[in-house]
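Visitor: Need the 3D shape of this:
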Amino acid sequence: MSAARDLFLEVPPLRVAAGYDVYDKLSRAAELWRKEGQHFSAGVAMLDASDAAWGQPDRMLEALRLGIADFEFVISEQAPTSPASLAALYKLRQSTDRTSWFSDADRETVSARVRELSSELGQRLFKHFRDSENADGYLVRGIVIVTDRDGIWDTRFPDYEVPSGIEQPGRELLLNIPSAFRLFVSTGEWQAADEIVNLCKSAFTTPGLKGWRAVTLGHVNPGETVARFDEAADFFIQDAVPPTAEDMMRRGGHWSGINQQLWAKYFRARARLVESIRTPTKVKELLDRAGDALADTESGWHSGEVSRFHVLIKVIAKLLSDPLSFDAEGARREYELEIRMSGEVEQDRLALTFITEAASGFRGFATDPGSEITRNRLELALGALERIPTIGPEVTSAVRPEIGKKALATILGPIRTWMHRSLGGIRDEAQFRLILLRLLQNGLPIYAQVRHGPLEYGKDIVALLEIDGEIVLRQYQVKCGDIDRKKWRESRDEMETMFQVPLTSFQLPIVPQRIEGALITNGHANPYIEPVIDGWLREQRETHKRLVEFMHLDALVDWITKGRLVNELRAALREHGIGTGEA
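Guide: I've put the predicted structure just below:
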């Protein structure tokens, strides 16, 4: 064992922020290895030295630059097929990515360089090992390169998919080198990935590899994209945690939930988006389904590509549903946070332009449509959207007519009568009661229940609410249609019974401080019965000291609007199969 290796192994394995002594020892080990011609091990030592200097950016960067120089030396001096050269190219890719962590290097430039190195490593594996007896390892599953750090190298070919990004330090260093296929997938070189799919058909045996094979086929065969992306999602879902320790060991002792928890959702959403190209009349529905598929991808496994895509889907869906309520600043903040987390990429300027100009365009159509028509900001937004790779011109063409309709509707002004028409058209009192209950539940009541039945005692719905710090029990009698003499006689008796027979306290966690009654209808009072109802209400207030009100259709719509219950009403109507007739 060399003196350099002895010195290197004296350092404890946890090296982050380990201090100057560890930094110095690793630097001296690197220098000894360079003298012995072991530049790869010198580079690895300097990467660890960079970690040891954590908190001192200048020293970290200097160590990293020395390590990069060592890896570049190995690449230039060793044969391209040698384990040392392959390992050095892999570590150079890793080291380059780290330079943007604590330097002024442009993140976009660094990302481009990392993609170049990934492509170079993939091309090298494909070019030199496509005819190897271990081609399935080099091209599909990945390989493990092992070194004793003093010049002895070995290459292993597991029969499982090698997990990427995992290293095993110690007396020997084990590096998991991704396959050419996985490298091409990471760089978006789909034609090259497809060549491997056709060359090594029998090597794609795991759910993960089958999933990425389907993704590849979806990219190179546009007519099959929807089916292939759905197929990929199905395979990724199958990549479940191994049920036994033996099964885990057959996978190399490692399992990741990223396929199930991220990629399955992402490609299910991508499938729905591409489907909108074929069926543009269903674009709003498909965008909603894409958004639903991406649920819970905001936490857990992270991918800059997925997070950016999710923001854009939410923005487009909002523009197609209610563009004037679109929070452009919130969307920008969410997108810019992703840039800070994963670094800027080429599409980011386009995405931010789309978000800003779309919001400004709709705001202009609402406030000054004459000027906005000449500014063309909405067209500028769509022009940016179609240049974003995960969206593209075809999807933009699918959403363009719907966005145009929303722009025209914004110019002409909102249609506000849909609530009157939708609520006024309900003829089933049971259905009407359930819709009202859902609206009441939106305010998170202490208690709310439909109590209609033989023993309701006038109380179709009751809700215990906290209003301005006071606990209020509201009791509702619900009717459909206009109130005529017959309906009023029934309602009057039920309203009086409402107060004469108090609600038991069994389900009320708090004793109400005030009790109110209301007759709600989705119609109006017949003109002949108006004075009768008015006189009765006055009698209840003045003689019996009861708080009673009559809520007709217009008052009901006013309550929904002022209570910001419009979206809850839409959902409730949709749940009961009632259309809104909105544009």
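Visitor: Following element in sequence after the longest strand along the chain, please.
Guide: Longest strand of the chain, by residue count under DSSP state E: strand 470-479. Using DSSP states H and E, the helix or strand that directly follows strand 470-479 along the chain is helix 485-500.
Visitor: what's the angle between the longest strand of the chain and helix 485-500?
Guide: 150 degrees (axes from the mean of the first three to the mean of the last three C-alpha atoms, to 10 degrees).
Visitor: For strand 470-479, give me every contacting residue.
Guide: With contact meaning C-beta atoms under 8 Å, 6 or more residues apart in numbering, strand 470-479 is reached by 429, 432-433, 436, 446, 452, 458-466, 487, 491, 494-495, 498, 503, 508, 510-521, 523. Every residue, glycine included, has its C-beta placed from N, CA and C.
Visitor: can you give me the offset of it from its chain's centre?
Guide: 40 Å (C-alpha atoms, centre = their mean, to the nearest Å).
Visitor: residue contacts, the spatially closest residue to residue 10 that is not a sequence neighbour?
Guide: Of all residues not flanking residue 10 in the chain, residue 25 sits nearest, at 6.5 Å (C-beta to C-beta, 6 or more residues apart in numbering). By C-beta under 8 Å, 6+ apart, the contact set of residue 25 is 7-8, 10-11.
Visitor: Distance check, residue 25 against residue 15.
Guide: Going from residue 25 to residue 15 by C-beta to C-beta, to the nearest Å gives 10 Å.
Visitor: for residue 545, same thing?
Guide: From residue 545 to residue 15 the distance is 79 Å (C-beta to C-beta).
Visitor: May I ask which helix or strand encompasses the residue nearest to residue 10?
Guide: Assigned by DSSP H and E, residue 25 belongs to helix 20-35.
Visitor: Which element is encountered next along the chain beyond that helix?
Guide: From helix 20-35, the next helix or strand downstream (DSSP H and E) is helix 39-52.
Visitor: name the helices or strands packed onto the helix or strand following that next one?
Guide: Next helix or strand after helix 39-52 toward the C-terminus (DSSP H and E): helix 57-77. Other helices and strands packing on helix 57-77, by 3 or more C-beta pairs under 8 Å, 6 or more residues apart in numbering; DSSP states H and E, are helix 20-35, helix 39-52, helix 83-98.
Visitor: can you tell which of those helices is closest to residue 363?
Guide: Residue 363 lies closest to helix 83-98 among the helices and strands packed on helix 57-77, at 39.8 Å (C-beta to C-beta).
Visitor: Give me the residues contacting the closest one.
Guide: Outside helix 83-98, the residues that touch it by C-beta under 8 Å, 6+ apart are 39-40, 43-44, 47, 50, 64, 67-68, 70-72, 74-75, 78-80, 110, 113-114, 117-118, 120-121, 124-125, 145, 147, 153-155, 175, 177.
Visitor: Just want the angle from the helix or strand following that helix to helix 83-98.
Guide: Per DSSP H and E, the first helix or strand lying C-terminal to helix 83-98 is helix 107-129. Here helix 107-129 points in a direction 160 degrees away from that of helix 83-98 (the same axes, to 10 degrees).
Visitor: Next, the angle helix 57-77 makes with helix 107-129.
Guide: Using the same axes, to 10 degrees: helix 107-129 against helix 57-77 is 30 degrees.
Visitor: Run me through the strand neighbours of the worst-scoring helix or strand of the chain on mean pLDDT, direction for each.
Guide: The weakest-scoring helix or strand in the chain, judged by mean pLDDT, DSSP states H and E, is strand 167-168 (a mean of 83). If you go by DSSP bridges, strand 167-168 pairs up with strand 173-177 (antiparallel).
Visitor: relative to helix 39-52, how tilted is the partner strand?
Guide: 90 degrees.
Visitor: C-terminal to strand 173-177, what's the next element?
Guide: Per DSSP H and E, strand 173-177 leads on to helix 180-187 as the next helix or strand towards the C-terminus.
Visitor: Take stretch 551-570, keep the C-alpha atoms, and write them as CSV.
Guide: The C-alpha coordinates for stretch 551-570 follow below in CSV (Å, rounded to 0.1, in the frame of the first residue of the first chain):
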residue,chain,number,x,y,z
MET,A,551,-83.5,34.4,1.3
HIS,A,552,-84.7,34.4,-2.4
LEU,A,553,-82.5,33.5,-5.4
ASP,A,554,-80.9,37.0,-5.7
ALA,A,555,-80.0,37.1,-2.0
LEU,A,556,-78.6,33.6,-2.3
VAL,A,557,-76.4,34.5,-5.2
ASP,A,558,-75.3,37.7,-3.3
TRP,A,559,-74.3,35.5,-0.3
ILE,A,560,-72.3,33.1,-2.5
THR,A,561,-70.5,36.0,-4.2
LYS,A,562,-69.7,38.0,-1.0
GLY,A,563,-68.7,34.8,0.8
ARG,A,564,-66.2,33.9,-2.0
LEU,A,565,-68.1,30.6,-2.5
VAL,A,566,-68.2,30.7,-6.3
ASN,A,567,-65.7,28.0,-6.9
GLU,A,568,-67.3,25.8,-4.2
LEU,A,569,-70.6,26.3,-6.0
ARG,A,570,-69.1,25.2,-9.3
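Visitor: Enumerate the strands of the chain by residue range, in sequence order.
Guide: Counting by DSSP E, the chain has strands at residues 143-147, 153-156, 167-168, 173-177, 447-450, 461-467, 470-479, 514-521, 547-551.
Visitor: can these go into CSV with extra columns for mean neighbour count?
Guide: Shown next, in CSV, are the strands of the chain (neighbours: other C-beta atoms under 10 Å):
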stretch, mean neighbour count
strand 143-147, 19
strand 153-156, 14
strand 167-168, 12
strand 173-177, 19
strand 447-450, 17
strand 461-467, 19
strand 470-479, 20
strand 514-521, 20
strand 547-551, 17
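Visitor: just so I know, which of these lies nearest residue 265?
Guide: Of all the strands of the chain, strand 173-177 comes closest under C-beta to C-beta, at 25.5 Å.
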